[in-house]
Each structure stands twice: as structure tokens, then as C-alpha cells.
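J.: I'd like to go over a predicted model; first the sequence, then the structure.
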Amino acid sequence: IATYNKDTGSAVLKYKDRINFTVWSLQDTAINLLNVSTEDNGCYECAFLLFPEGPVRGQPCLSVYDDLKISTGYNISDNHLHANCLATGFPRPNISWFLSGVCEKKEKDTTNPNGTLSVISHISVNMSNVKQGLTCHISHRGKTINHTKKYFPVIPIVLALILVILVIVVGICCWRRQRKKHRGKLLSFINQNLSNIFIFITLLLDFI
């Protein structure tokens with residue numbers, strides 16, 4: 001890739017736009033790699049030609065990484081919960097799932113134009129095996145990230161709503177019945193005392 005000689009100087013060949021000598025010395029030489037990409041990931045060989053000892057070789061390694069990007073998706077059909085977890089980065093991220101019960105799992109790797117790797121994991125699990133939620137577990141460069149989808153079963157929620165509505169309807173019916181009952185008592189009282197009220201009004205008019 002690049003050489004340095006005390007008499008002729010440095011020679012970077014076709015990588016001159018990406019390699020820069022930062023220390024010019026036969027005793028201590030340093031090279032900077034510029035604009036690195038995933039293709040530069042790996043180990044290189046450094047050779048120092050010494051006289052009369054001969055060549056001294058070393059093997060420095062360059063680790064390239066790209067920030068992790070994650071997206072998830074969920075849907076329910078045919079009494080199954082279908083979940084997708086997509087992780088893109090470099091080096092390759094690993095995906096696993098945390099859930100109870102048996103599930104069907106499929107995984108696919110894709111190499112992107114910039115050299116990063118996309119891993120998509122798809123699972124399908126019966127709703128009876130999903131208790132509270134589903135967790136996509138991504139590990140990358142010694143770090144772990146958990147994406148959890150909280151799940152609340154639809155049927156219990158619907159039943160709870162129906163129960164609440166029934167309680168409200170029964171309460172309204174009881175209230176209306178009590179209201180009608182009190183109204184009936186008032187009308188009965190008026191009817192029973194209507195004659196007395198009429199006599200009182202007549203006597204009052206005669207007195208006037």
C-alpha cells in the first residue's frame with residue numbers, strides 16, 4: 001500500500017488520497033488511513049527492512065464499525081402474532097427473541113451498497129403463547145439493545161369494555177325506574193288529595 005525510504009522518500013502508489021504518513025522516521029513511522037469504509041476492515045502487514053538484520057514484520061489490525069440502526073414491526077392475523085426486527089450495522093448484528101412458547105423463526109442477511117449488513121428476523125407465534133409482550137434482543141460490538149413490544153390481548157379488553165357498558169346500562173335503567181317510582185308516588189299523592197285541595201280552594205273563595 002505504501003513504502004518509505006530514507007533516500008527516495010515515501011511512495012503511496014494508487015492509495016495516495018487515502019494514506020498519509022504522519023511520522024517520517026526509520027525508527028518510528030506512523031500511517032493514517034483516511035476515508036475508511038467497511039472494505040478496509042482487516043489486518044495489514046508492516047515490514048521494516050533493516051540492515052544487516054533483515055526485515056522486521058508486524059501485523060496491525062483495523063476494526064471498522066457503523067452505528068446500529070433498528071426498526072421493528074408487529075401485526076396480528078389468524079390468531080398469530082407476526083413480528084419483524086431489522087438491524088443494520090457493521091460488523092454483523094445478531095438478533096434473538098425473548099418470549100414464552102414455541103415460535104417459527106426466519107432470518108435473512110443483506111449486504112448494502114456501503115458495505116453494512118442488514119439482518120431481518122421474522123417470527124410467528126400463537127397468541128396463546130404471548131403473555132405480556134415480545135422482546136427483540138440485538139447484540140452488536142459487545143453491547144445489547146432490547147426492543148420490547150407490550151401486548152395486551154384483545155379479547156380480555158373487549159370483554160372488560162362490554163362489562164363496563166353493561167354496568168352503565170343497568171345503572172341507568174335502575175335510576176330511571178327509581179325516578180318513575182318517585183314520580184308515580186307524587187301523582188298518587190296529588191290524586192288522593194285533589195278533592196281536599198278543591199274544597200279548600202272553594203272555602204277560601206267563599207271567605208273572600
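T.: Received, thanks.
J.: which helix or strand contains the residue nearest to Ile120 when sequence neighbours are not counted?
T.: Nearest non-adjacent residue to Ile120, counting by C-beta to C-beta, 6 or more residues apart in numbering: Leu86, 4.7 Å away. Where C-beta positions appear, they are placed from N, C-alpha and C, glycine not excepted. Element membership for Leu86, per DSSP states H and E: strand 80-90.
J.: show me what counts as buried in the helix or strand just after that strand.
T.: Moving toward the C-terminus from strand 80-90, the next helix or strand (DSSP H and E) is strand 94-98. Judged by neighbour count (16 or more other C-beta atoms under 10 Å), strand 94-98 contains these buried residues: Ile95.
J.: from the contact counts, what lies against whatever helix or strand comes next after strand 94-98?
T.: Once strand 94-98 ends, the next helix or strand along the chain (criterion: DSSP H and E) is strand 103-111. Packing partners of strand 103-111 (3 or more C-beta pairs under 8 Å, 6 or more residues apart in numbering; DSSP states H and E): strand 94-98, strand 117-126.
J.: any weak-confidence spans in the protein?
T.: For the chain, the stretches with pLDDT under 70 are 1-6, 8-16, 24-27, 51, 100-103, 131-132, 151-161, 170-171, 174-208.
J.: that one: helices as residue ranges?
T.: 154-192, 194-207 (DSSP state H).
J.: how far away is Ile172 from Asn84?
T.: Counting by C-beta to C-beta, to the nearest Å, the separation of Ile172 from Asn84 is 46 Å.
J.: pick out whichever of those two has more residues nearby.
T.: Neighbour totals were compared for Ile172 and Asn84, and Asn84 leads with 15 against 10 (other C-beta atoms under 10 Å).
J.: for that one, which residues are in contact?
T.: Neighbouring residues of Asn84 by C-beta atoms under 8 Å, 6 or more residues apart in numbering: Thr72, Gly73, Tyr74, Ile120, Ser121, His122.
J.: if you set the cut-off to 6 Å instead, what comes out?
T.: Gly73, His122 (C-beta atoms under 6 Å, 6 or more residues apart in numbering).
J.: and it, how close does it get to Pro91?
T.: 22 Å.
J.: so Gly133 makes contact with Thr148?
T.: Yes - counting by C-beta atoms under 6 Å, Gly133 does reach Thr148; the two are 5.4 Å apart.
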